[in-house]
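>>> With the sequence up front, the predicted model follows.
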Number of protein chains: 2
Amino acid sequence: MQRARDVSEDELLEAFLPIIKSHNTKADRLVLGPGDDCAVLELRDGLTVITTDTQTEDQDFRRTWANGMVTSGYDVGWKAATQNLADIAAMGAAPQTLLISLTLTPDTPVTWVEDFARGVTEACTAQGAEKCSISGGDLGAGSEISVTVTAVGTCLAPVLRSGAQTGDALVLAGAVGTAAAGLALLENSSSYQLTPGLSACIEAQQRPCSPLASGAAAAHQLTAMLDVSDGLLRDAGRIARASCVNIDIDAAALSPWVARVQETADLCRAPSQSADDLALHWVLTGGEDHGLLATCPADAVPAGFTQIGRVTQPGGSVTVDGKTYRAKGWDHFEATAR
Amino acid sequence: MQRARDVSEDELLEAFLPIIKSHNTKADRLVLGPGDDCAVLELRDGLTVITTDTQTEDQDFRRTWANGMVTSGYDVGWKAATQNLADIAAMGAAPQTLLISLTLTPDTPVTWVEDFARGVTEACTAQGAEKCSISGGDLGAGSEISVTVTAVGTCLAPVLRSGAQTGDALVLAGAVGTAAAGLALLENSSSYQLTPGLSACIEAQQRPCSPLASGAAAAHQLTAMLDVSDGLLRDAGRIARASCVNIDIDAAALSPWVARVQETADLCRAPSQSADDLALHWVLTGGEDHGLLATCPADAVPAGFTQIGRVTQPGGSVTVDGKTYRAKGWDHFEATAR
């Protein structure tokens, strides 16, 4: 098997670029794609929104998990693209281009790089962002695989975190909790039979889908929005603090999301823990599904969103059924285990 | 000493953000800075150019070198900013914003992060890009320090690699060879006295300066341009291939650049090698100075550029004084040593 150390940088690019160039034939804002010092884009019709995010091996994914499953290049590419596309959608913007910086270990198979490129482009296409080009990037070597994606979008009026108003509904589009349930399965080395329900959770962790189109379509109806990347409670807290409001989440309204992780919770719960508690915990604190959390006038919940709570009064904190919930979402440095 | 593992992600950001926010007060295109899912920029007056580049510990820098010198957070921030600003300048564009994704090892001192932020902002200011904002980023953990910077600029008409014409002058602004000479010194563990000439080479490796303003100001006079990041010969070859022309470099015209690395070559040459040969080798093949290599009509060399050769005829290759030079520039995977 050919590995990164066996080929030149140019040869690696030859594995990568044809997939990207084929994808870019659908792009409509790309004036000049990969190959010069910069890509050139035509973005003159709105404000430009931009974000960047890194995934690092053994921090954000493992090549082989405790349960024996592997994370393919396709998975890493898919997830890196989705994370950044979700940040664009969370501004109410349309994605226009991605740039990708890929750091490879010398033993990375060349086929991994091809799979990665396919994962990036198919994540765009599957989530309705087929016109979002891959306009550039960088390729380098390191002791662990690391992927940084930068995403650029355009919008007329961005939806910020700071616009939530007392009386607004708290609304959610997309998944929460399933990626955390999938992570628990991937890190569960006991023997179990994979059912469709369990597989769906693993898929949510490896290849999350964000409701990109719902975010952009609803932008004009929303007062605040963000991408749920660090957990519902923690991210609701960000809206609460930025908007200086209190937010109360209605636990009963989360039951459709809780139901989706119940089977996994049954399998993964500690002996002292109830499956119901663990399932609700994942839904309230699990990140990485890249659902969109937003606020809007209570009488106008947009298509694709479901009400899960409300903005109760001026303040800056979040409660669940009126009470403080004990756990928090993910912190890269505070957490002792993942 | 406080280290990354001792503090939360939010506390690390508190070390970083005040420096960035102070810098951003001079920005004039930034609608919304760090803190939301995306930054928001006003870039409606031209085409948008964009590039991304990663620096990884022990690939692109060492925290401690063989000669005992250290690479500070300031150095890493400075160099990461400069590399990307140079790519913007090489399109003939004005830099508008940088995004920074920083992966830290748990033992990274918190003061390293502050130094890094100062290095980024002071590299912008010192190179005339004080209005270029730092609009966002990402912070994560890994087993090696890694920095990915994305730079965005605007221009009316980008200068590509593909526009060189037979009869054009080959022109150069900024440094070549000094960063390679500096690298040789950093990796030279023998005992020697640091003179101003040697120190200048080390400074060029650790804190390179790119002639950003010369690139943007000359854009309308140039037929092709790129950032010399991988060595004069290799990067001239990129213009040659993209423009389908032959380029001949005049070795004698490189004498000002050769003179700047002569003292270092005297110190670092192998017993079998002449200092003159090593000095010319660095100038022809050394990357990382981020000089700007361009072509223009022979009778109109722009201010800040010096003629170092010419475009001789249709083709796609590069010669030095009419002959093929044997060595090439840097390849992340092909090279066996650095």
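Done, it's in.

>>> wait, isn't A:Leu293 in contact with A:Arg238?
No - using C-beta atoms under 8 Å, A:Leu293 makes no contact with A:Arg238, being 9.1 Å away. Yep, even glycine has a C-beta here, placed from its N, CA and C like the rest.

>>> So these two - more neighbours on which side?
A:Leu293 (27 against 20; other C-beta atoms under 10 Å in any protein chain shown).

>>> show me what contacts that one?
Taking C-beta atoms under 8 Å, 6 or more residues apart in numbering or on different chains as the criterion, A:Leu293 is in contact with A:Leu170, A:Val171, A:Leu172, A:Met225, A:Leu226, A:Asp227, A:Val228, A:Leu232, A:Asp235, A:Ala236, A:Ile239.

>>> now do 6 Å
A:Leu172, A:Leu226, A:Val228, A:Asp235 (C-beta atoms under 6 Å, 6 or more residues apart in numbering or on different chains).

>>> same deal with A:Ala39?
A:Ala39 touches A:Leu32, A:Ser135, A:Gly136, B:Ile50, counting by C-beta under 6 Å, 6+ apart.

>>> could you flag which of those are buried?
Buried subset of the contacts of A:Ala39 (neighbour count, 16 or more other C-beta atoms under 10 Å in any protein chain shown): A:Leu32, A:Ser135, A:Gly136, B:Ile50.

>>> And the nearest residue to A:Arg241 once chain neighbours are set aside, how far from chain B?
Excluding the flanking residues, the one nearest A:Arg241 by C-beta to C-beta, 6 or more residues apart in numbering or on different chains is A:Gly316, at 4.8 Å. Separation of A:Gly316 from chain B (C-beta to the nearest C-beta, to the nearest Å): 15 Å.

>>> can you count the residues close to A:Gly316?
Neighbours of A:Gly316 using other C-beta under 10 Å come to 14.

>>> quick check, it in a helix?
No - counting by DSSP: H, G, I helix; E, B strand; the rest coil, A:Gly316 is located in no helix; its state is coil.

>>> quick one, what contacts it?
A:Ala240, A:Arg241, A:Cys244.

>>> what does stretch A:47-62 contact?
Contacts of stretch A:47-62 (C-beta under 6 Å, 6+ apart): A:71, A:80, A:83-84, A:87, A:91, A:93, A:144-155, A:158, B:38-41, B:43, B:99, B:101, B:103, B:138, B:140-142, B:150.

>>> For that stretch, the averaged confidence score.
What stretch A:47-62 shows for mean pLDDT is 94.

>>> quick one: buried residues of that stretch?
A:47-57, A:59-61.

>>> Please list the members of these that lie in strands.
Secondary structure assignment by DSSP state E places A:Leu47, A:Thr48, A:Val49, A:Ile50, A:Thr51, A:Thr52, A:Asp53, A:Thr54, A:Gln55, A:Thr56 of the buried residues of stretch A:47-62 in strands.

>>> What's the separation between the fourth one and A:Pro158?
Taken as C-beta to C-beta, to the nearest Å, the spacing of A:Ile50 relative to A:Pro158 amounts to 11 Å.

>>> repeat for the first one
Relative to A:Pro158, A:Leu47 is positioned 6 Å away (criterion: C-beta to C-beta).

>>> Low-confidence regions, chain A specifically.
By pLDDT under 70, the low-scoring segments of chain A are A:327-338.

>>> can I see the domain layout of chain A?
A:9-155, A:161-320 (automatic domain parsing).

>>> Figure out which of those domains is closest to B:Ala298.
domain A:9-155 (23.6 Å; C-beta to C-beta).

>>> distance between the ends of that closest one?
One end of domain A:9-155 to the other measures 36 Å (C-alpha to C-alpha, to the nearest Å).

>>> Check stretch A:198-212 too.
24 Å.

>>> Check stretch A:247-266 too.
Rule used - C-alpha to C-alpha; the end-to-end distance of stretch A:247-266 is 30 Å.

>>> Tell me the buried residues in it?
A:247-249, A:251, A:254, A:257-258, A:260-265.

>>> What lies in contact with it?
A:170, A:176-178, A:181, A:185, A:197-198, A:201, A:236, A:240, A:275, A:278-280, A:282-283, A:308-309, A:311-312, A:318-321.

>>> Among these, the buried ones, what's the ChimeraX command?
This is the ChimeraX syntax for the buried subset of the contacts of stretch A:247-266, where burial follows 16+ other C-beta under 10 Å:
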select /A:170,176,177,178,181,185,197,198,201,236,240,275,278,279,280,282,283,308,309,311,312,318,319,320
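
>>> those helices in the stretch 1-150 of chain A, which residues are they?
With DSSP state H, counting those that start in this stretch as the criterion, the stretch 1-150 of chain A has helices at A:9-24, A:73-89, A:110-126.

>>> can I get those helices in TSV with distance to B:Thr166?
TSV is the format used below for those (distance: least, C-beta to C-beta, whole Å):
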stretch	distance to B:Thr166
helix A:9-24	26
helix A:73-89	42
helix A:110-126	37
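
>>> now the helices for the stretch 201-338 of chain A?
Under DSSP H, counting those that start in this stretch, the stretch 201-338 of chain A gives helices at A:212-218, A:232-243, A:255-268, A:275-285.

>>> Turn those helices into a markdown table, including distance to B:Ala216.
Shown next, in a markdown table, are the helices of the stretch 201-338 of chain A (distance: least, C-beta to C-beta, whole Å):
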| stretch | distance to B:Ala216 |
| --- | --- |
| helix A:212-218 | 34 |
| helix A:232-243 | 36 |
| helix A:255-268 | 51 |
| helix A:275-285 | 48 |
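
>>> Chain B contacts on the stretch 151-300 of chain A?
With the criterion set to C-beta under 6 Å from any C-beta of the partner chain, the stretch 151-300 of chain A comes near chain B through A:Pro158, A:Leu160, A:Arg161, A:Leu226, A:Asp227.

>>> which of these has the most neighbours?
A:Asp227 (28 neighbours).

>>> Pull up the gap between it and B:Ala218, please.
42 Å.

>>> Enumerate every residue touching A:Asp37.
B:Asp87, B:Ala90, B:Met91, B:Leu226, B:Asp227 are the contacts of A:Asp37 under C-beta under 6 Å, 6+ apart.

>>> What does it show for phi and psi?
phi -60, psi -30 (degrees, to the nearest 10).

>>> Just want to check the distance between it and B:Met91.
6 Å.

>>> Just give me the closest of the contacts of A:Leu293 to chain B.
A:Leu226 (5.5 Å; C-beta to the nearest C-beta).
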